[in-house]
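Asks: need the 3D shape of this:
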Amino acid sequence: MARHTRLCFLRLAMTALSDPLADFTPRDRRIGITVAIACVSLVGVGLSLSIPLLSFAMESRGASGAMIGLNTAMGGVATVAVAPFIPRLAAGLGVRPTLFLALAIGAAAILGFAFIQPFWAWFPLRFAFGVSLAIMFVLSEFWINALAPARSRGLVMGVYVTALSVGLGAGPLILAGVGMDSLAPYLTCAGLFVVAAGPLLFAGCSAPPLERAEKGRGVLFFLALAPVATLSAFIFGAVETGAFAFLPLYGVQLGFGATTAALLVTAMEVGNVLLQIPLGLLSDRMDRRKLLLAIGVIGFFGALAIPLAGASAPLLYTVVALWGGVVCGLYTVALAHLGARFSGTDLATANAAFVVMYSFGLIAGPPVLGVGFDLWPPYGAPAAIAVLMGVFALVAAWRVRAPS
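Replies: Here you go, the predicted structure:
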């Protein structure tokens, strides 16, 4: 233990003199990556449990759909508001202490929903919960990306996104098991945030250090410097959230029962889980900008193929799974692309820009697909997705022709 402490101190002392990650052993990197993935995946379970829980809780107390929607949107507002400042906060407090703080805020906010009655108070609570999630995703993804070996960075990010997708899929199942008519789901969700602190306790000094960013190198700087990667986050946020909202409605319009239609979202998640590691491996073997372009093109034609599947449930599930898994690669490959281009505080700030753009996508996606759905029911939703993917493909094609 004493030797480990001395090693941590030595690393901190040498940070200003050399690459702060130069003396991280392969074992240190494996431990650090595993810790960060475990931590953020547990938070993902809590996140996916909380979204339907809070929506049903508000509805049962008579809240309107507009009220529920506005409250849910506060999470995205929080991310956009605080993400640009997270690297500076972590540089001052340290990565691990900042993550502990985020977990404490998240657990306290969830318990607040259980015990605080006035609806107006749920808006600052939702904002606080969004702050917690923003810190968790910005710093966890920075941690994973910073420690990932260059030769297998895509594989590591594929494993991370796969684990996160499994976690996001587990939340609703847990909610179905514990029910929504007691304190149990709130205590379970808060408990997940507490349990997520466990891996951090064993992280030792495997968290990558952060220094203060250079003046002028903020989120806007990296939005301009890495437009394809950050646009990937926006497009994926918009398409994923919009598809989750409108795929079940699309299925119902085709004549499916509500349960059968809802399984279209499950099919999309299955594709996410199955394809991220293969896409990550592929990204380690080719120009990631070209792979992002290929994903954009496949996403465009895949969206057009959804109506062509007709009302055959097995065929539609297959198309949605394959299409959804490929489109999810926007997140996986773009993160690996950022990790290959940037390091240290630049990487943390670039990841903050990535998370901000993803949040903008969450906000923009459902209205865009909703307009399409209203203009051309039910095919307008996949048509709107095709437009988004086509725009992304055009931008990616332009950037592929530019210097790296």
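
Asks: so which elements touch whatever helix or strand residue 270 lives in?
Replies: Under DSSP states H and E, the secondary-structure element containing residue 270 is helix 258-283. Counting contacts by 3 or more Cβ pairs under 8 Å, 6 or more residues apart in numbering; DSSP states H and E, helix 258-283 packs against helix 153-178, helix 227-253, helix 288-308, helix 313-341. For glycine as for every other residue, the C-beta is placed from the backbone atoms N, C-alpha and C.

Asks: what comes up buried for the last one?
Replies: Read it as helix 313-341. Neighbour-count burial for helix 313-341, with 16 or more other Cβ atoms under 10 Å as criterion, is recorded at 313, 316-317, 319-341.

Asks: same question, the shortest one
Replies: When neighbours are counted by 16+ other Cβ under 10 Å, the buried residues of helix 288-308 are found to be 288-289, 291-300, 302-307.

Asks: packing partners of the lengthiest helix in the chain?
Replies: For the chain, the longest helix by residue count, based on DSSP state H, is helix 26-60. Packing partners of helix 26-60 (3+ Cβ pairs under 8 Å, 6+ apart): helix 65-82, helix 95-115, helix 119-147, helix 153-178, helix 184-201.

Asks: quick one: the second one to helix 119-147, angle?
Replies: In other words, helix 95-115. Between helix 95-115 and helix 119-147, the angle formed by their directions is 160 degrees, by axes from the mean of the first three to the mean of the last three Cα atoms, to 10 degrees.

Asks: apart from its chain neighbours, what residue comes closest to the residue most central in space within the chain?
Replies: Of all residues in the chain, the one closest to the mean position by Cα atoms, centre = their mean is residue 137, 6.8 Å from it. Excluding its sequence neighbours, the residue lying closest to residue 137 (Cβ to Cβ, 6 or more residues apart in numbering) is residue 355, at 5.4 Å.

Asks: could you check the distance from that neighbour over to residue 252?
Replies: Distance, residue 355 to residue 252, by Cβ to Cβ, to the nearest Å: 33 Å.

Asks: cool, and residue 296?
Replies: Counting by Cβ to Cβ, the gap from residue 296 to residue 252 is 29 Å.

Asks: try residue 389
Replies: Distance from residue 389 to residue 252, by Cβ to Cβ: 24 Å.

Asks: who has more neighbours out of those two?
Replies: More crowded of residue 389 and residue 252, by other Cβ atoms under 10 Å: residue 389, with 26 against 16.
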